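# Sequence first, predicted model second:
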Amino acid sequence: MKNQSYVYNNGEIVVSFDPCLCIHSGKCKEKVSKIFRTSKLPWVNKDGSKTRRMIRHISKCPSKALHYD
């Protein structure tokens, strides 16, 4: 797979996704399907929830494929 990160900015944080690190655990979409949508592009909806909630769920990513700055 090509080493490429995807970046999403909601004006408060910058969310990055590295597909090469993803282990497809599904933690990102548990209870927050408005933010992380596997059936729609872009799959990270940067306006899908409040920033604190996004941070909380990004922190649950076991592979660290999702992270924020």
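Here it is on my side, so go on. Numbers count the residues shown, from 1 in each chain.

# what about Asn9, how many neighbours?
Around Asn9 there are 11 other residues, counting by other CB atoms under 10 Å. The C-beta positions use only the backbone N, C-alpha and C, and glycine is treated the same way.

# Contact partners for it?
Counting by CB atoms under 8 Å, 6 or more residues apart in numbering, Asn9 makes contact with 15, 46.

# how about 10 Å then?
By CB atoms under 10 Å, 6 or more residues apart in numbering, Asn9 lies in contact with 15-16, 46, 69.

# in this structure, which helix or strand is least confident?
Within the chain, no helix or strand scores below helix 51-58, which has a mean of 89 by mean pLDDT, DSSP states H and E.

# contacting residues around that one?
8, 10-13, 15-17, 27-32, 34-36, 44-46, 48-50, 64-68.

# what does stretch 11-21 give?
Contacts for stretch 11-21 (CB under 10 Å, 6+ apart): 1-9, 28, 35-36, 42-44, 46-47, 50-52, 54-55, 58, 61, 63-69.

# Now the terminal residues of it, how far apart.
End-to-end span of stretch 11-21 (CA to CA, to the nearest Å): 25 Å.

# Please identify which two of the contacts of Asn9 are farthest apart in space.
Lys46 and Asp69 (13.3 Å; CB to CB).

# ok, the two, which is more surrounded?
Lys46 (18 against 8).

# doesn't the more buried one fall inside a helix?
No: Lys46 is assigned coil when assessed by DSSP: H, G, I helix; E, B strand; the rest coil, not a helix.

# so it sits right up against Ile35, yeah?
Yes: using CB atoms under 10 Å, Lys46 is in contact with Ile35, at 8.2 Å.

# Overlap in contacts, those two.
Listed as contacting both Lys46 and Ile35 by CB under 10 Å, 6+ apart are 8, 10, 15, 54.

# Can I get those in TSV including secondary structure and distance to Ile23?
What follows is the shared contacts of Lys46 and Ile35, written out as TSV (DSSP: H, G, I helix; E, B strand; the rest coil; distance: CB to CB, whole Å):
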residue	secondary structure	distance to Ile23
Tyr8	strand	20
Asn10	coil	25
Val15	strand	18
Met54	helix	20
